[in-house]
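*Asks:* no sequence on this one, just coordinates:
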């Protein structure tokens, strides 16, 4: 079992995974989910997985409470049912009105009301690995500039940017772009907690998770494969130089003739 620092354990104890049924369709409905959760305590982070780049889940949220007691209250109260009143079209209409219902409530709701149900559960989301993984956080990890020989942007800027300590960074606008892929990331475990299936107690997701060492290995493999790329596929700069040489040779030949 991997060692986890006290700060990581503290974050894990305050983080919960939230599923809502039916799926919210508007910003107002998503905002109301946050408002209901805030009844248990202050929320430090509220993240929707609707726009996740690799595995979007429209009805899943990750919530980080300020205190462990607030997360425990939400877990104990789950499932949480609340009624959402529609918004009036009048400009001076009051804000959305929602009330948390007890599980044994049997009140009849009007036809224009919507009843939502929140299922709160523990999560295996790892905040540290999410921030430190190159797959999920492109701002973290080693900086390896793209070679001007393989980038048209870099080769063009190479002609106008003078040599200096910061020149490689100014020329490189494409590094790490290949790292944004459909690989599993540290929040994939949280996204996979749907239905009755759970990854708790299994090491499958954590073993499949990419680390910085694996990324370095993939970098080395990428460089090896790059050596086998045909010359014509290595960028426009070599083609440009070859074309200029041919033009120069033709010009000299015509002058000598």
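*Replies:* Done, it's in. Note that this is a predicted model, so its numbers are computed, not measured. Numbers count the residues shown, from 1 in each chain.

*Asks:* please make it C-alpha for all contacts and neighbour counts, starting now.
*Replies:* Fine.

*Asks:* can you check which strand is longest in this structure?
*Replies:* Using DSSP state E to assign secondary structure, the strand with the most residues in the chain is strand 114-122.

*Asks:* give me the mean pLDDT for the following helix or strand past it.
*Replies:* Scanning forward in sequence from strand 114-122 by DSSP states H and E, the next helix or strand is helix 127-132. Here helix 127-132 scores 75 as its mean pLDDT.

*Asks:* the helix or strand following helix 127-132 - what's its average pLDDT?
*Replies:* Where DSSP H and E defines the elements, the next helix or strand beyond helix 127-132 is helix 152-158. Throughout helix 152-158, pLDDT has a mean value of 79.

*Asks:* name the helices or strands packed onto helix 152-158?
*Replies:* helix 167-171, helix 236-256 (3 or more Cα pairs under 8 Å, 6 or more residues apart in numbering; DSSP states H and E).

*Asks:* helices of the protein, residue ranges please.
*Replies:* 6-14, 27-37, 68-77, 127-132, 152-158, 167-171, 188-191, 204-208, 212-226, 236-256 (DSSP state H).

*Asks:* least reliable of the ones you listed by average pLDDT, please.
*Replies:* Among the helices of the chain, helix 204-208 scores lowest, with a mean of 44.

*Asks:* residue 30: what's it in contact with?
*Replies:* residue 24 (Cα atoms under 8 Å, 6 or more residues apart in numbering).

*Asks:* that one and residue 247, how far apart?
*Replies:* Distance of residue 30 to residue 247, computed by Cα to Cα, to the nearest Å: 63 Å.

*Asks:* cool, residue 64 as well?
*Replies:* For residue 64 relative to residue 247 (Cα to Cα), the value is 64 Å.

*Asks:* ok, residue 46 next?
*Replies:* Taken as Cα to Cα, the span from residue 46 to residue 247 is 61 Å.

*Asks:* which of those two has more residues huddled nearby?
*Replies:* residue 46 (16 against 12; other Cα atoms under 10 Å).

*Asks:* so that one makes contact with residue 61?
*Replies:* Yes. Residue 46 lies in contact with residue 61 (Cα atoms under 8 Å); the separation is 7.0 Å.

*Asks:* if we go by neighbour counts, what in stretch 19-27 is buried?
*Replies:* Using 16 or more other Cα atoms under 10 Å as the test for burial, stretch 19-27 gives 19, 20, 24.

*Asks:* of those, closest to residue 159?
*Replies:* In terms of Cα to Cα, no member of the buried residues of stretch 19-27 lies closer to residue 159 than residue 24, at 52.0 Å.

*Asks:* residues touching the closest one, list them.
*Replies:* Here residue 24 is in contact with 30, 58, 59 (Cα under 8 Å, 6+ apart).

*Asks:* can you tell me how far it is from residue 14?
*Replies:* 24 Å.

*Asks:* please apply the same query to residue 76.
*Replies:* Using Cα to Cα, residue 76 is found at 13 Å from residue 14.

*Asks:* do residue 220 as well
*Replies:* On the measure of Cα to Cα, residue 220 and residue 14 end up 38 Å apart.

*Asks:* neighbour count winner among those two?
*Replies:* Just comparing residue 220 and residue 14: by other Cα under 10 Å the higher neighbour count belongs to residue 14, 21 against 12.
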